[in-house]
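Undergrad: pasting the structure only:
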Ligand SMILES: Nc1ncnc2c1ncn2[C@@H]1O[C@H](COP(=O)(O)OP(=O)(O)O)[C@@H](O)[C@H]1O
Ligand SMILES: [Mg+2]
């Protein structure tokens, strides 16, 4: 345990210096320290540290089973950690549910998209935060369907997502369009950070490019993005920093401007760890 | 319009690279089939109403309307609650048993109060309260057992059906029926509006269907009911209190079983220990004929009303046409299977 921890490489922080919560620079928007998570006998996370800074696209890469999804699920309140701390805007917080995470402005696009196929696009966008009409019918939770449809339209337009009709059932959309709805929904609601778990895994090349553009424009509008992806060339091109997970821990944070794809790969496979061990 | 067209064109490129794209370019006739889908059972209803009308013109009389609609009352009320449960991808096999149990529990109390010379109005009020409360209580218990112990609702409500419908109900009155009821209760079963065309129980059933149709189709509760059945994990991640919602749906189903129990008791002037037995089968059949999927996420009260009407008209129509009563079951069973088969074909061509 101590071995890998000692040799964690950090080229992170907006100034490039210091640890994850470097003093002097801008404080991280969201930071996790020492997160552990156990599934029965499997230790999925063994003390993961990660910090996300304003305006950046932080890549999170690692082999299957490295713990990326588990870490994202903990930050988004979908899973409870066994240990560790979460900071939002520099303050220690407790995220006990997806609702808590949302209240902190954390939005997530899950690997499985988390869309309800039998609901319309607008209903998926507003699920869990439905618009209710004013007046006496409010008591009954009467939906303001028109407001939700038009707001959903605006939200998706703002993120340049092309959906013919927000009244269409999500189950009738193509894979790419579903992805777009999931990303657009979270981007529109997220006020602090957007977590994307393999948003392009199920997509063709062209669609991957489009999601890439989307991520870039979201970050350009000031919303920092945590991007989990196996598409290393895209990660290398899009991200300002790339965190590498290995066996439940973030073992390196690299800057694409300083490290090539080969170096990222050597961290992903653990080869870089072995190479450094004698030091 | 121009914007929509350019969006459409922009999407073409993306679609072409994907297998799913084929579905979006479905031929027009398939799309028409899809739209008609929800109205398909309505078409079946029209056909059987016409066909039975030809075979037995007495179907178009007030007497036939009254017997058909009164027959449908308990099934419609039960099926409306069942729709909510089925849309969440659960099932309630115990609603018929709850009907019988709550009706008998309330009647037992009313019988005792009358024997102690309590005022009929007060007795009726308390009896109704007990029926609705016991129905709701059992329903909530179904829901709690389902979500807390993570036992499939099929099993929970199967056990509840056996324990309640065949056991507890008989234990309440040693197997006896109760017909010492206040006049106010009996009036519910005999009074009507619209010049005798609309008996109170039918009015209540239609009111229940209307209100629940609006709740399911137009409110936050309804939207979340669909979301839970469509993708439970997604609903949970969206912040929906999934377990609590499911408990409420079972509670609603139980409450309506209590309402149906009251209607049946009033209609027959008696609470019997076999009231409601097997009703859940027709309630589920009505929901399924109405287009709901047992996998959740699909179904609506309008469809359930149509489904109930199909069952009721088949039953009355076959009686009026002098067909052996046993054919009713064959016909209804066949309609259930055909309805689902057609639905399968329809969704398969649509996907
Ligand atoms: N719900 C779960 N139950 C049991 N084990 C799990 C669960 N989720 C993840 N794991 C295990 O935790 C480890 C990390 O998984 P995950 O976070 O999904 O990795 P990644 O997203 O990096 O591929 C894996 O060994 C996986 O099998
Ligand atoms: Mg994963």
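TA: Cool, the structure landed. Quick caveat, the model's predicted, so the values are computed rather than measured. Numbering: from 1, shown residues only, chains lettered A, B, ... in the order given. Ligands and ions are numbered 1, 2, ... in the order given.
Undergrad: Tell me which stretches of chain B form strands.
TA: Using DSSP state E, the strands of chain B run over residues B:192-193, B:198-199.
Undergrad: Out of the ones you listed, which one sits most buried?
TA: Highest mean neighbour count of the strands of chain B: strand B:198-199, a mean of 20 (counted as mean count of other CB atoms under 10 Å in any protein chain shown). In this view, the C-beta of every residue, glycine as well, is placed from N, C-alpha and C.
Undergrad: Show the average pLDDT along that strand.
TA: The average pLDDT within strand B:198-199 is 95.
Undergrad: distance between it and the chain's centre?
TA: Relative to the centre of its chain, strand B:198-199 is centred 20 Å away, using CA atoms, centre = their mean, to the nearest Å.
Undergrad: Mind listing the strands that strand pairs with, and their directions?
TA: strand B:192-193 (antiparallel) (DSSP bridges).
Undergrad: In contact with the residue nearest the centre of chain B, which residues are there?
TA: For chain B, the residue nearest the mean C-alpha position is residue B:79 (0.6 Å; CA atoms, centre = their mean). Contacts of residue B:79 were listed using CB atoms under 8 Å, 6 or more residues apart in numbering or on different chains, and they are B:282, B:283, B:284, B:286, B:287, B:290, B:304, B:307, B:308.
Undergrad: Pop the domain breakdown of chain A in here.
TA: A:5-105+A:190-276, A:110-174 (automatic domain parsing).
Undergrad: so how far is the longest one from its chain's centroid?
TA: With CA atoms, centre = their mean as the basis, domain A:5-105+A:190-276 stands 7 Å off its chain's centre.
Undergrad: and it, average pLDDT?
TA: 85.
Undergrad: Can you pull out the residues in contact with stretch B:157-174?
TA: B:91-94, B:96-98, B:100-101, B:104-105, B:108, B:138, B:141-142, B:273, B:276-277, B:280.
Undergrad: Please identify the buried residues of it?
TA: Neighbour counts over stretch B:157-174 (16 or more other CB atoms under 10 Å in any protein chain shown) mark B:157, B:160, B:161, B:164, B:165, B:168, B:169, B:170, B:172, B:173 as buried.
Undergrad: which bits of the stretch 151-279 of chain A sit near ligand 1?
TA: Counting by CB under 6 Å from any ligand atom, none of the residues of the stretch 151-279 of chain A come close to ligand 1.
Undergrad: Narrow the buried residues of stretch B:157-174 to those in helices?
TA: B:157, B:160, B:169, B:170, B:172, B:173 (DSSP state H).
Undergrad: Just list the residues touching whatever residue of the stretch 201-350 of chain B ends up closest to ligand 1, thanks.
TA: The nearest approach of the stretch 201-350 of chain B to ligand 1 comes at residue B:233, 11.4 Å away (CB to the nearest ligand atom). Residue B:233 is in contact with A:112, A:114, counting by CB under 8 Å, 6+ apart.
Undergrad: Roughly how far does it sit from residue A:112?
TA: Distance, residue B:233 to residue A:112, by CB to CB, to the nearest Å: 7 Å.
Undergrad: where along the stretch 201-350 of chain B do the helices fall?
TA: Taking DSSP state H, counting those that start in this stretch, the helices of the stretch 201-350 of chain B run over residues B:220-230, B:232-237, B:242-268, B:279-289, B:301-320, B:325-350.
Undergrad: From residue B:313, how far out is residue B:297?
TA: 28 Å.
Undergrad: try residue B:225
TA: 28 Å.
Undergrad: Neighbour count for these two, which is higher?
TA: residue B:225 (29 against 22; other CB atoms under 10 Å in any protein chain shown).
Undergrad: Can you give me every residue that contacts the more buried one?
TA: Here residue B:225 is in contact with B:84, B:87, B:88, B:216, B:245, B:249 (CB under 8 Å, 6+ apart).
Undergrad: In this structure the second one contacts residue B:215, no?
TA: Yep, that's residue B:87 we're talking about. No. The pair residue B:87 / residue B:215 is not scored as a contact, 11.4 Å apart, by CB atoms under 8 Å.
Undergrad: Perfect, I'm done here.
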